[in-house]
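Novice: Sequence below, structure please.
(2 chains)
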Amino acid sequence: MATEEKTKEILAKLKEAVIQYDEDASKEGAEEALKEGLEPNDAIFNGLVSGMEEVGRLFESQEYFVPELLMCADALYVGLDILKPHVTQLDLGVKGSVVIGTVEGDVHDIGKNIVKMMFDVAGFQVYDLGKDVPLDKFVEEQMKTDSDLVCLSAMMTTTMVGMKKVIDDLKAKNPDIKIMIGGAPVSADIADKWGADGYSADANNALKDAINMISSLKKLKEEAEKKKG
Amino acid sequence: MKKHKVIFQPSGSRGEVEDGKTLLEAAQSLGVDIEGLCGNKKVCGKCKVRIEEGYFEKDNLESGMSHLSPIIEDEIKHIKPEDGPGIRLACTAEVHGDVKIFVPERSRAGKQVVRKAAKELSIALDPAVRKYNIDLAAPTLHDMTTGDYERVLKFLEEDYGLKGLTFDFVVLKSLQDVLRQGNWKATVTVWMDKEIIKVEPGFEERCYGLAVDIGTTTCVGYLSDLITGKVVNTESMMNPQVPYGEDVMSRITYAMTNDDGLDKMHRAIIDGLNEIIVKVVSEIREDGPDPGFAIDDLTIVFNTAMHHIFLGFNPIYIGRSPFIPAVQNSLDIKARDIGLKINPSAYIHVLPIEAGFVGADNVGVLIAEEQYKQDEMVLVIDIGTNGELLLGNRDKICSTSCATGPAFEGAQIKFGMRAAPGAIEVVQIDPETKEPKYKVIGKTDWHSHLKKVDAKGLCGSGIIEVVAEMFKAGIIDKSGRFAKDLDTPRVRKDVDGKPEYVLAWAEETSIGTDITITQGDVRALQLAKGALYAGAKLMMNKLGVSKLDRVVLAGAFGSHISTEASLTLGMFPDCPIDMVYAVGNAAGDGARMALLNKGKRVEANDKARWVEFIEIATDPTFEKEFMQAMHIPHMKDKFPNLKELLQKSGSKLEIKG
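Specialist: Here you go, the predicted structure:
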């Protein structure tokens, strides 16, 4: 087991690697974490994810822009790919599974991919349906996987209107389902009107929402550990 | 052709113009705005300028009234004693020697700048519509077996070689009266050597057509004399559909979500176009059921959504993947069928469209720029609310469309505005002091020479310039982020704690607050320019091209966009700066060409089908290209030409060459 100091150093390295979008440092940090016997979950959440939270803050303050965000994501994935196989799944007491996709008629998916990444990182089971997804497919996939969150994305006003149908169908089948919608033309009003549970007007807010979920997930994880301990 | 040196004061704009050009044409070619309300018809007298006499050593130029065409009657009646000596009308005086001209304040254009102004085209005249004078022998009892219809056709065949013509039925119904009214002398208007679309009593020579460009935001009509090919009058207006949605997508949605939405927008554009028609013919108005009766031909270009709404087609299917249009080929529709108030029997020629998102306006650009006749690898960028790109040469041409958003038009920019008086359009920033100087539309001087500037905001070309200058001055880095710890009060934090650059202090403006460029503004521009660059790059990859020979900038900016600033920002891949041109409204030029030469209509149909449309949003490499293209000028690509340009100008900025 690594010393507390060493652990701190590795976590800081992973965090910085993500913030500085340094893929090499992310790889090194992740390998070092495994070598020194760090708990992989610890390395992911308090290293990589903690870095991504800072990136989210920089994005929020407009210091970072989409290219930096995507490069940070790349760095994060390098570390994550190394650490993930060593994670022993913790029982978090929540079902972290989500269906995500860009709705029918729409082929834009950069924003959706950023949100998807955050769920990936947070340990959610992500069912990514891709882009131009037939509206019925969302309902079908949700039923099949019994996911408790469905995320819909649209870049164009013309395709956004398809979201309403998906929301109605999902709520009819399963009133407890949580639905998050996002994309350039979406607004809080629309989310309200159509009965979505969450919305994000752009990548910025999508990220914030995703981070909020991760943060609450981390809280749950801590509580679970406490109970265990 | 002999050329002469021309200098305009107080702007100091100078250049060479061809012998015989008017001062107004010279001014336009050098970017000097002179008022010309009447459209060069010597009527309004607004374009008075003063000719300087004598030898100007600093300029090495001998200037004088004797270097211009002689003063004419029409001018003299506008020139008053209080105007002082040496006054001419710029629209009339022709250049035949070197001249230095002073443009008085009252003659400087101060109204809405028509950025879609028409430029001269060089194209062979072969219009689709021609007028033929016929002089029939009055019928007698001896030839009572021939009808009026047959007499006209016989004359046209014998005298003009026109065979097998048909009559528009409405025209035919008027034939009896018209022939007798003109005492068997009449003028017949023939469309495409096929159909008679008008018969007028007596001999008429004049023949007019209207070329129309309907943009998402602006509509413009160019009234053209089909005998001379010249533009007689230009009229523009805001697209009356704007209340139903600012962009194409929101208008399509309006049509989807409101039962009468399509009909409302269709009516709005037809009514709007009829308004343009009434105004544009004000000078040539003749007797007829409608003021626009004198117009016998009309060509029209627009993007695919405007096309569908204009024709009353449901635009829903072009608003979503896979973006299938109702019709691609060109259409010829009777004016009366669509309710346009020109000659009701005339045809509206709707140019073809290329693909769901590349419309007739881009076909207009294509036939105006004629890349398919060239060996050079040319990139044409038509910048509006959407960016349309054409890349290629005689071997192959690709087209695509990118969502640039409205940043280039001044929307979504904190102090963005349309190109109108008070808009900052030219900017320079000192790299050492970070102090700017700028020019606003309607004033020819740099602001530092003026007492009161009355700046109101930035127009699209101003936004491009200021961000390029901020980059060159090190105020923002290549990622678009503001530099920290700059020793200037001009870079500060806004109320949200985000950085901004003060371009104009409140006292220089007419709006009472500082005009600033925010971090968000820079980001909006990066998204827009990144989309264009990524589109161009994907097309280059598709064609296997690694460098561009020429870049043509067309669209909303007219010829006002700074080619240097657009290269510096990386709106397109590196290219020698003297090979980057701004051509103005090329879509409108294409509509005019199709009006003046019917061969261009055939060419348009052929080439619209020949060009290969590429959908970039679904390309797996798009995300990466887009991301890298958001940096200024680019995250990875080299810019040897830009590097050289910056070095020449003494910039210390490091660019990958």
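Novice: Kindly state the domain boundaries assigned to chain A.
Specialist: Taking automatic domain parsing as the criterion, chain A consists of the domains A:4-88, A:97-208.
Novice: Confidence-wise, which of the ones you listed is weakest overall?
Specialist: Among the domains of chain A, domain A:97-208 has the lowest mean pLDDT, at a mean of 84.
Novice: Smallest gap between the stretch 251-400 of chain B and chain A, at which residue?
Specialist: Distance from chain A to each residue of the stretch 251-400 of chain B (Cβ to the nearest Cβ) is smallest for B:Arg320, at 3.0 Å. Bear in mind the C-beta positions are built from the backbone N, C-alpha and C, glycine included.
Novice: before we move on, back to that, tabulate the domains of chain A (JSON lines), appending distance to B:Lys484.
Specialist: Formatted as JSON lines, the domains of chain A follow (distance: least, Cβ to Cβ, whole Å):
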{"stretch": "domain A:4-88", "distance to B:Lys484": "10"}
{"stretch": "domain A:97-208", "distance to B:Lys484": "21"}
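Novice: can you give me the strands for the stretch 201-350 of chain B?
Specialist: Under the criterion DSSP state E, counting those that start in this stretch, strands of the stretch 201-350 of chain B are mapped to B:208-214, B:218-225, B:231-238, B:295-302, B:331-334, B:347-350.
Novice: Mean neighbour count, those: which tops it?
Specialist: Highest mean neighbour count among the strands of the stretch 201-350 of chain B (mean count of other Cβ atoms under 10 Å in any protein chain shown): strand B:295-302, with a mean of 29.
Novice: Can you tell me the strand partners of it and which way each runs?
Specialist: Next to strand B:295-302 in the sheet, as set by DSSP bridges, lie strand B:208-214 (parallel), strand B:347-350 (parallel).
Novice: between it and strand B:218-225, how many degrees?
Specialist: Per axes from the mean of the first three to the mean of the last three Cα atoms, to 10 degrees, the angle that strand B:295-302 makes with strand B:218-225 is 150 degrees.
Novice: Quick one: distance of strand B:295-302 to the chain centre.
Specialist: Chain-centre distance of strand B:295-302: 16 Å, with Cα atoms, centre = their mean, to the nearest Å.
Novice: pLDDT averaged over that strand - what is it?
Specialist: Mean pLDDT, computed over strand B:295-302, is 97.
Novice: Can you name the residue of the stretch 401-550 of chain B nearest to chain A?
Specialist: Counting by Cβ to the nearest Cβ, the stretch 401-550 of chain B gets nearest chain A through B:Gln519, at 4.4 Å.
Novice: That residue reaches B:Pro499, doesn't it?
Specialist: Yes: contact criterion Cβ atoms under 8 Å: B:Gln519 and B:Pro499 qualify, at 5.4 Å.
Novice: list residues touching both of the two?
Specialist: Taking Cβ atoms under 8 Å, 6 or more residues apart in numbering or on different chains as the contact rule, B:Gln519 and B:Pro499 both touch B:Phe482.
Novice: how many other residues sit next to the residue nearest to B:Gln628 when sequence neighbours are not counted?
Specialist: For B:Gln628, ignoring the flanking residues on the chain, the nearest one in space by Cβ to Cβ, 6 or more residues apart in numbering or on different chains is B:Met635 at 3.9 Å. B:Met635 is flanked by 19 other residues according to other Cβ atoms under 10 Å in any protein chain shown.
Novice: Just say helix, strand or coil for B:Met635.
Specialist: coil (DSSP: H, G, I helix; E, B strand; the rest coil).
Novice: mind listing what it touches?
Specialist: Neighbours of B:Met635 in contact, by Cβ under 8 Å, 6+ apart: A:Pro67, B:Lys478, B:Met627, B:Gln628, B:Ala629.
Novice: Three-state assignment for the residue of chain A found nearest chain B, please.
Specialist: Using Cβ to the nearest Cβ, the closest approach of chain A to chain B is made by A:Gly105 at 3.0 Å. Applying three-state DSSP to A:Gly105 yields a three-state assignment of coil.
Novice: Provide the backbone phi and psi angles at it.
Specialist: Backbone torsions of A:Gly105, given as degrees, to the nearest 10, read phi 90, psi -10.
Novice: ok now do the nearest residue to it once chain neighbours are set aside, which residues does it touch?
Specialist: Nearest non-adjacent residue to A:Gly105, counting by Cβ to Cβ, 6+ apart: B:Arg320, 3.0 Å away. Contact analysis of B:Arg320 by Cβ under 8 Å, 6+ apart lists A:Glu104, A:Gly105, A:Asp106, A:Met156, A:Thr158, A:Thr159.
Novice: Next, format those as a markdown table and append neighbour count.
Specialist: Shown next, in a markdown table, are those (neighbours: other Cβ atoms under 10 Å in any protein chain shown):
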| residue | neighbour count |
| --- | --- |
| A:Glu104 | 21 |
| A:Gly105 | 24 |
| A:Asp106 | 25 |
| A:Met156 | 25 |
| A:Thr158 | 28 |
| A:Thr159 | 25 |
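Novice: Please name the residues that touch A:Met156.
Specialist: A:Met156 makes contact with A:Gly105, A:Asp106, A:His108, A:Ala184, A:Pro185, B:Met249, B:Gly319, B:Arg320, according to Cβ under 8 Å, 6+ apart.
Novice: Tabulate those (TSV), appending distance to B:Ser345.
Specialist: Formatted as TSV, those follow (distance: Cβ to Cβ, whole Å):
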residue	distance to B:Ser345
A:Gly105	41
A:Asp106	44
A:His108	46
A:Ala184	46
A:Pro185	44
B:Met249	37
B:Gly319	34
B:Arg320	38
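Novice: ok, of those residues, which one's closest to B:Asp589?
Specialist: If you rank those by distance to B:Asp589 using Cβ to Cβ, B:Met249 comes first, at 26.8 Å.
Novice: quick one on the thing from earlier: could the strands paired with strand B:295-302 go into JSON lines alongside mean pLDDT?
Specialist: As requested, the strands paired with strand B:295-302 are exported to JSON lines (pLDDT from 0 to 100):
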{"stretch": "strand B:208-214", "mean pLDDT": "96"}
{"stretch": "strand B:347-350", "mean pLDDT": "98"}
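Novice: With distance to B:Lys264 as extra columns, can I get those strands in JSON lines?
Specialist: Listed next are the strands paired with strand B:295-302 as JSON lines, based on distance: least, Cβ to Cβ, whole Å:
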{"stretch": "strand B:208-214", "distance to B:Lys264": "16"}
{"stretch": "strand B:347-350", "distance to B:Lys264": "21"}
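Novice: wait, which of those is closest to A:Ser147?
Specialist: Shortest distance between A:Ser147 and those, using Cβ to Cβ, is found for strand B:208-214: 46.4 Å.
Novice: just the angle between the closest one and strand B:231-238, please?
Specialist: Using the same axes, to 10 degrees: strand B:208-214 against strand B:231-238 is 30 degrees.
Novice: centre of the chain versus strand B:208-214, how much separation?
Specialist: Its chain's average C-alpha position is 13 Å from that of strand B:208-214, according to Cα atoms, centre = their mean.
Novice: What lies in contact with stretch B:618-632?
Specialist: A:65-67, A:70-71, A:107, A:110, A:113, A:131, B:467, B:471, B:476, B:478-480, B:526-527, B:529-534, B:537-538, B:541, B:568-570, B:616, B:634-637.
Novice: Quote the end-to-end distance of that stretch.
Specialist: Chord length of stretch B:618-632, first to last residue, is 24 Å (Cα to Cα, to the nearest Å).
Novice: ditto for stretch B:19-32
Specialist: Using Cα to Cα, one end of stretch B:19-32 lies 18 Å from the other.
Novice: How about that stretch, which residues are buried there?
Specialist: Buried residues in stretch B:19-32, counted by 16 or more other Cβ atoms under 10 Å in any protein chain shown: B:Lys21, B:Thr22, B:Leu23, B:Leu24, B:Glu25, B:Ala26, B:Ala27, B:Gln28, B:Ser29, B:Leu30, B:Val32.
Novice: And stretch B:72-79, by the same measure?
Specialist: Going by neighbour count (16+ other Cβ under 10 Å), the buried part of stretch B:72-79 is B:Glu75, B:His78.
Novice: quick one: contacts for the closest residue to the residue of the stretch 401-550 of chain B closest to chain A other than its chain neighbours?
Specialist: Spatial nearest neighbour of B:Gln519, chain neighbours left out: A:Gln62 (4.4 Å); criterion: Cβ to Cβ, 6+ apart. Residues near A:Gln62 by Cβ under 8 Å, 6+ apart: B:Lys498, B:Gln519, B:Gly520, B:Arg523.
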